[in-house]
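[1] Need the 3D shape of this:
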Amino acid sequence: MENLMYFFLLDIPRAAGIWSALIVVAFAAMAVLIARRPRPEAADAGDVLRGEQGGRLRAAVAGRARLTAEAEELARYAEEVGVAATRAAETARRRREEWLASQDEVEEAWKAYEAADADARRVAATTYLPVPRTPRTPAEYADRERYLHRAALSACGRQELSVLELSDALAHRNGWDPRRHPVEQEVVLRRAVRDGRLAAQRRAAERERAAWHTAEAAAVAAQSLRDEAFAAAERARQAAHLLPPTGGTGNGTGNGSARDVSRRPQQATRWRAARAG
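    Below is the predicted model of the structure:
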């Protein structure tokens with residue numbers, strides 16, 4: 001019994017040392033685990049930082065997509081307006097040519113009227129002389145009627161009389177009297193030709209005025225489209241220059257999207273002026 005107590009008392013310090021060593025090791029392991037465990041504040045800060053970075057990235061991507069869409073829309077609009085301006089300029093050029101042609105028609109019609117008026121005055125001057133007396137027989141009246149018909153047909157063949165005026169002359173209407181002397185009939189014929197030339201000149205002048213108004217309206221429309229196309233192309237270029245670079249190599253090939261968008265409105269500026277001359 002005494003031996004058992006003796007050995008027990010001898011093992012107590014050894015057991016206490018072992019337990020103390022185990023306790024120290026346990027505390028050291030717990031300290032290491034606690035030190036390696038991330039603190040809640042640090043984890044929350046990291047999440048917030050990553051969230052902010054992700055939000056900024058998404059906002060940047062969305063902003064670039066919006067700017068790209070706006071730049072492409074402006075480029076399409078500039079191209080469409082440029083095409084419309086080119087067509088309007090071509091239309092204005094054709095209208096101006098038509099107006100110039102109508103001016104030539106007015107000049108030709110006026111010259112024809114002056115010539116007809118000179119003929120009418122020359123023939124009318126012969127009436128100051130007494131008309132030769134001829135026997136008023138049925139044969140004489142038949143000759144006068146044939147003369148009127150031949151003169152009217154010849155004038156219509158030279159396009160000095162219209163078909164309607166020829167019909168009146170052959171039907172002896174509207175001042176065409178086959179009983180008159182051939183000299184008097186020639187005076188009436190020359191006056192009818194002069195009046196027809198004057199009416200044709202007035203119609204040509206009306207057409208010239210209408211063509212001028214049409215050409216002026218076409219020129220104004222072309223100029224307006226030209227200004228709008230220039231402004232649209234300028235807006236498209238500015239929008240393309242605002243696009244951020246998409247990356248790439250250092251040789252300047254990274255900003256391809258901006259160059260593609262800015263290249264489109266270049267074509268919109270190639271129009272011609274609406275007014276010619």
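
[2] Now do the helix ranked longest in the chain: distance to the chain's middle.
    Longest helix of the chain, by residue count under DSSP state H: helix 40-125. Centroid displacement of helix 40-125 relative to its chain, using C-alpha atoms, centre = their mean, to the nearest Å, is 4 Å.

[3] Give me the helices and strands touching that helix, please.
    helix 182-241, helix 256-268 (3 or more C-beta pairs under 8 Å, 6 or more residues apart in numbering; DSSP states H and E). Every C-beta, even on glycine, is put in place using the N, C-alpha and C of the backbone.

[4] For it, give the mean pLDDT please.
    Mean pLDDT, computed over helix 40-125, is 81.

[5] same thing with stretch 174-183?
    Mean per-residue pLDDT for stretch 174-183: 86.

[6] who touches that stretch?
    The contact list for stretch 174-183 (C-beta atoms under 8 Å, 6 or more residues apart in numbering) reads 126-127, 131-132, 134, 141, 144-145, 147-148, 152, 168-169, 172, 185, 188.

[7] re earlier: tell me the first helix or strand C-terminal of the longest helix of the chain.
    helix 138-157 (DSSP states H and E).

[8] Identify each buried residue in that following helix, please.
    By neighbour count with 16 or more other C-beta atoms under 10 Å, helix 138-157 contains the buried residues 144-145, 147-149, 151-152, 155-156.

[9] which one of those residues is nearest residue 87?
    Ranked by distance to residue 87 (C-beta to C-beta), these are led by residue 156 at 44.1 Å.

[10] ok, that closest one to residue 184 distance?
    To residue 184, residue 156 is 20 Å away according to C-beta to C-beta, to the nearest Å.

[11] Figure out which of the helices and strands packed on helix 40-125 is closest to residue 30.
    Among the helices and strands packed on helix 40-125, helix 256-268 sits nearest to residue 30 (C-beta to C-beta), with 57.8 Å.

[12] For that closest one, the averaged confidence score.
    The pLDDT scores in helix 256-268 average 47.

[13] any low-confidence regions in the stretch 101-250 of the chain?
    Within the stretch 101-250 of the chain, the stretches with pLDDT under 70 are 128-132, 244-250.

[14] If we use 80, what do you get?
    126-136, 239, 241-250 (pLDDT under 80).

[15] For residue 160, which non-adjacent residue is closest in space?
    With sequence-adjacent residues excluded and distances taken as C-beta to C-beta, 6 or more residues apart in numbering, residue 160 is closest to residue 193, at 4.4 Å.

[16] residues in contact with that neighbour?
    Residues counted as contacts of residue 193 (C-beta under 8 Å, 6+ apart) are 116, 119-120, 155, 160-161.

[17] one more time with 10 Å
    Residues near residue 193 by C-beta atoms under 10 Å, 6 or more residues apart in numbering: 112-113, 115-117, 119-120, 155, 158-161, 165.
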